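> Here's my sequence, what's the structure:
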Amino acid sequence: MMIHEITELAGKNRNRKRVGRGHGSGWGKQAGRGHKGAGSRRGHSTRFQFEGGQMPYFRRMPKFGFSNVNFSTKFWAVNLREIVKHADFADGGSVTPESLVKAGLVRDLSRDIKVLGALDEPLSVKLEVKVNRVTDGARKHIEAAGGSVHETGTRRDKVRGIDRNSEDRTPKNLTKKLRRGKKAD
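Reported below is the predicted structural model:
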């Protein structure tokens, strides 16, 4: 037979533990507060997560969660200076991701390719550039030399509906996140 089987009220109410009322009570002298130190004084409090100075539990835990760094677009960057210096493009020609890999200016096709506009002297050869991104400076140099630029855009550009070859490069496929803050009509 268990105590809860005798009556529901058995053990429901317990008398308050009166500490500091002499040795006979079992809770005299330090009254359950131990010997000396901050915890034995009145008015002392510690943070609930304090573990006596050892590395706290939340700092021992492995950290994980969401970060936008996984969704950043990584590019292989190539300067116009290096393209023009290379023997394959010294007389002009078509600059594509495949031709850049073949020339050894880009490691592989695992990333999108971006052509940068750094030049030592004005561009004198006619280039037909067809890569993912071209900076405005590079575009200006190529078109001034009589060449043409066609940006294929990145995956993110296609999802957002950005036409990299037009003057207006604002996103056409606005998502809910981009609309946030605007009032509904």
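> Which stretches in the protein count as strands?
75-79, 93-95, 112-116, 127-131, 133-134, 148-151 (DSSP state E).
> In the protein, which helix is the longest?
Determined from DSSP state H, the single longest helix within the chain is helix 136-144.
> Can you give me the buried ones in it?
Ala138, Arg139, His141, Ile142 (16 or more other CB atoms under 10 Å). Where C-beta positions appear, they are placed from N, C-alpha and C, glycine not excepted.
> distance of the last one from Lys114?
As defined by CB to CB, to the nearest Å, Ile142 lies at a distance of 14 Å from Lys114.
> any shared contact partners between these two?
Contact criterion CB atoms under 8 Å, 6 or more residues apart in numbering; residues bridging Ile142 and Lys114 by contacting each: Val134.
> shouldn't Leu116 be in contact with Ala138?
Yes: here Leu116 reaches Ala138: they are 5.9 Å apart, a contact under CB atoms under 8 Å.
> can you list the weak-confidence ranges in the protein?
175-185 (pLDDT under 70).
> Look up how far Arg18 lies from the residue of the chain most remote from its centre.
Distance from the C-alpha centroid of the chain, by CA atoms, centre = their mean, peaks at Gly24 (63.1 Å). Using CB to CB, we find Gly24 at a distance of 12 Å from Arg18.
> what about the closest residue to Ile83 other than its chain neighbours, how many residues close to it?
Spatial nearest neighbour of Ile83, chain neighbours left out: Phe89 (5.1 Å); criterion: CB to CB, 6 or more residues apart in numbering. By the measure other CB atoms under 10 Å, the count of residues near Phe89 is 20.
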